[in-house]
Every structure is written in structure tokens, then in C-alpha cells.
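Engineer: Fold the following.
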Amino acid sequence: MLTLVAEPLTIDGFKNYGSIVSPDEEVAKLSEASRGANQGTAIKVVKVSANQNLFPSQLGIKASHWNLFRCFPQPHLHRDFLPAQSGEMVIQHGIKVLEKHPHSSQTFIPMGRASKELAYLVVVAVADDHGEPNLSTLRAFTCNGNQAVTYGAGVWHAPMIVLGSQEYLDFSVAIYELGDQTRPEMDLAERFYDEDQIAVKLTAMN
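Structural biologist: All right, here's what the predicted structure looks like:
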């Protein structure tokens, strides 16, 4: 079994897999002189994440779709979690499928969770020379309620994994899509694994 230890999501840690929106990290890097926006009532940080549209231009896909995902925690993940290595109980979660969107990035923006709460888990890998998941690059990240993730086009990732004691977590999701049912491979590729092949370890409160 390939076992990953989930680590906290950071801008630098995720850079090989896409980009993220991490407000606390971004604001902490700013000087006082650069923090003013909206007549001093806001802080603006530009170009924190990048959307990618790699569809052939002749397909005419110019605008991304905004989709809604209401995601439910699996029973063993329906509990409160803490940052890596600091919990009282180790929870193991198996990864059964990795997927990628060959021609588009995909941005997940969580809605309705506290900023410091561990709200979801992402598992990512880059493609090898043949476009398949390079399992040696697999990493797992725990994400706070105020952090958004943008998977880069062609980056392999597990379907969204929700953490926490709440019933569900909503995501607003931006993606470029062809939506042609006769050519599903343009939008999505999937690879399936046995339950004992890949696992992620997380730490929970109880």
C-alpha cells in the first residue's frame, strides 16, 4: 500500500499541481502600503490563482462554467480533524479513483465553513510522460474553510473529500467544459485503484 500523510495546504506546497487561494498567507506577505483598496475598506491581492483553457480554439469554448457541488463526508470522515500530526486518533482513508480534466483547470471554492476549520482533503499527482498518474508525485493536503484550490489542467486528483462533523460542504466550482456526451474524454479521464493500493492518514480529535 502507498500511504500518504496529509499535510496542511500551502501556496508553495501545492505549486506543482495548480494554484490555491489562501487569504491568510497572501495578506501576510503584503506591506502596509499595499493593503489599501475600496477607499481603505478592503485588501486586494491580484492574480492569486490561474484558470486554464486548453481546448482547441476551433471548439469555441471561451467562458468557464460555474457549477455547484454539495459534498457529503464519508462516515469515517464525519468528525472533527486537526492539523497533521497533532490529533488524538489516526484515521485512514483509501483512494479508489484519480481523475483529470485534460483541457481545463478546475477551481473549488468552499462555502459556509469557518476559516480555521479543516474542511476538506485533496489528493493530487502530476502526469507521467504518457499522461498517466505518476504515483511517486502523490501528495495529500488538508484545506481550511477559507482556502480554494485550482487543479491545473491535466493534473490528476481524487474527487473532493469532505471532512468534518457538518452534514455537507458546498463548493462553487469553475471549469471549462465541452459537454459533448459523444466525446467524454475531452472533459474527464479516470483511473481506478483497489482499496488497499493508496491510503491517506489524517489525525482526528476523537
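
Engineer: Flag the shaky bits of the protein, pLDDT-wise.
Structural biologist: The chain contains residues with pLDDT under 70 at 33, 84-88, 206.

Engineer: Centre-most residue in it?
Structural biologist: By C-alpha atoms, centre = their mean, the chain has its centre lying nearest to residue 149, at 4.2 Å.

Engineer: I'd assumed that residue was in a strand, is it?
Structural biologist: Yes. Checked against DSSP: H, G, I helix; E, B strand; the rest coil, residue 149 lies within a strand.

Engineer: which residues touch it?
Structural biologist: 9, 14, 18, 20-21, 107-108, 122, 143 (C-beta atoms under 8 Å, 6 or more residues apart in numbering). The way it works is simple: take the backbone N, C-alpha and C, and place the C-beta from them, glycine included.

Engineer: Give me the secondary structure label for residue 24.
Structural biologist: Secondary structure, three-state DSSP: residue 24 is helix.

Engineer: hang on, isn't it packed against residue 146?
Structural biologist: Yes. Residue 24 lies in contact with residue 146 (C-beta atoms under 8 Å); the separation is 7.4 Å.

Engineer: Mutual contacts of the two, please.
Structural biologist: residue 115.

Engineer: So which of the contacts of residue 149 is the closest to residue 155?
Structural biologist: Within those, the smallest distance to residue 155 is 5.7 Å, found for residue 18 (C-beta to C-beta).

Engineer: Let's see the distance spanning stretch 135-155 from one end to the other.
Structural biologist: 12 Å (C-alpha to C-alpha, to the nearest Å).
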